[in-house]
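Novice: this is the structure alone, sequence omitted:
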């Protein structure tokens, strides 16, 4: 084949390909799929702000039982772990040395009283003679001073008798409060005394019982005015609005009330100790137990709320997806307040009745057409509702 014929054949083939291609219809471009999102309406609501704390139970009174005299422990008169009343006998110290000391003190007192009677009679005679100018002033003063010394000696020995009687009484160690008596830390025959380390046992008053929990310095500054006003009300008149929840989710059936706020902030932990008081008539709550306390501390009326799931967090700020009136999506910055029970209070950026995207906002771009479907709020059980305590700012304590 000559070069000329090859050129003619190639041109013919290219012309045929061009004609065939022109006869075909161009492929149609498929539209991207519409994004499905779940949406909800911005609504006004009345909410209670609930805070929670983890604390430790302890007796409302914890009496450390110690010996007030030195002696040998003779008896233990209570059952360890039993309920005792004020005045119930707990321990007995051997009383014999104290009985002997009391008898000696009484004997010394009787002797001094006899001497004082004699000195009194002698002084009375001296006074008569002095009035008749029979004896000198010096002799009269000697008799008077001797009588006064005898009176003072009697007073001192009366005090010694009273001390001996007290010491004898201290050999019977009784409970100063109603409560649960703990394990005995001293055994029969032990020498016990007045040293601070010689604690015999502890009696704890647990009806009512107290829950102690730390409140951060940040939170204390926020609620200082509320706590101050609360402390001005007598404890008996304070509202019982604190719920106690155990680690297994069980809620204690009786409500408690705030008891007191400690006088100072702990410089090591930066917290201040707060106590709540709970009735415990069945004595089921015991010192040392851990529990969660929660209480409604503030009422929010007519605030705008949205599901917490709708939030898009970006470097400490918040955004939400919004469905515009034309049906297209938009991303809008907002400001938030309290988070309560899987809902969040919106303080700026939204209006009542607007439609926001709860699920799918992360894939939305401004101006995008979306397929909106209604969002259903998941149900929250009562235990979780009671324990919901998240505050407004992510930096909350």
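Specialist: Perfect, thanks for sending it. Quick caveat, the model's predicted, so the values are computed rather than measured.

Novice: with adjacent residues omitted, what lies nearest to residue 340?
Specialist: residue 47 (5.2 Å; Cβ to Cβ, 6 or more residues apart in numbering). From N, CA and C alone the C-beta is placed, and that goes for glycine too.

Novice: so what strands line up beside the helix or strand hosting that neighbour?
Specialist: Following DSSP states H and E, one finds residue 47 within strand 43-66. Using DSSP bridges, strand 43-66 pairs in its sheet with strand 199-216 (antiparallel), strand 290-307 (antiparallel).

Novice: in this protein, which spans are helices?
Specialist: 3-23, 96-131, 137-169, 217-231, 382-387 (DSSP state H).

Novice: now those helices as TSV including mean pLDDT, mean neighbour count and distance to residue 202?
Specialist: Below are the helices of the chain laid out as TSV (pLDDT from 0 to 100; neighbours: other Cβ atoms under 10 Å; distance: least, Cβ to Cβ, whole Å):
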stretch	mean pLDDT	mean neighbour count	distance to residue 202
helix 3-23	46	9	100
helix 96-131	93	15	25
helix 137-169	93	15	22
helix 217-231	88	14	28
helix 382-387	40	14	32
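
Novice: right, and the ones you listed - which one's nearest residue 53?
Specialist: Checking the helices of the chain against residue 53 by Cβ to Cβ gives helix 217-231 as the closest, at 9.1 Å.

Novice: and the contacts of that closest one?
Specialist: Contacts to helix 217-231, defined as Cβ atoms under 8 Å, 6 or more residues apart in numbering, come from residues 51, 215, 238, 258, 260-261, 265, 270-272, 274, 297, 396-397.

Novice: which one of the helices of the chain lies nearest to residue 188?
Specialist: Among these, if distance is taken as Cβ to Cβ, the winner is helix 96-131, at 15.7 Å.

Novice: got the domain boundaries for this structure?
Specialist: As given by automatic domain parsing, the domain ranges for the chain are 36-52+300-387, 53-59+206-298, 66-94+171-202, 96-169.

Novice: will you turn the helices of the chain into TSV that also has distance to residue 40?
Specialist: Listed next are the helices of the chain as TSV, based on distance: least, Cβ to Cβ, whole Å:
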stretch	distance to residue 40
helix 3-23	53
helix 96-131	80
helix 137-169	74
helix 217-231	30
helix 382-387	19
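
Novice: out of those, nearest to residue 199?
Specialist: helix 137-169 (19.6 Å).

Novice: which other helices and strands contact that closest one?
Specialist: Counting contacts by 3 or more Cβ pairs under 8 Å, 6 or more residues apart in numbering; DSSP states H and E, helix 137-169 packs against helix 96-131.

Novice: and the helix it packs on, how far out from the chain middle?
Specialist: Relative to its chain's centre, helix 96-131 lies at 61 Å (Cα atoms, centre = their mean, to the nearest Å).

Novice: correct me, but residue 37 touches residue 364?
Specialist: Yes: here residue 37 reaches residue 364: they are 6.9 Å apart, a contact under Cβ atoms under 8 Å.

Novice: mutual contacts of these two, please.
Specialist: 321, 329, 357, 370.

Novice: tell me the spacing between the last one and residue 37.
Specialist: In this case it means residue 370. 5 Å (Cβ to Cβ, to the nearest Å).

Novice: list the residues that contact both of those two?
Specialist: 329, 357, 360, 364.

Novice: one step back: quick one: which of the contacts of helix 217-231 is nearest residue 87?
Specialist: Residue 87 lies nearest to residue 260 out of the contacts of helix 217-231, by Cβ to Cβ, at 27.5 Å.

Novice: the closest one pairs with what?
Specialist: Assigned bridge partners for residue 260, using DSSP bridges, are residue 275.

Novice: list the residues that contact it.
Specialist: By Cβ under 8 Å, 6+ apart, the contact set of residue 260 is 231, 274-275.
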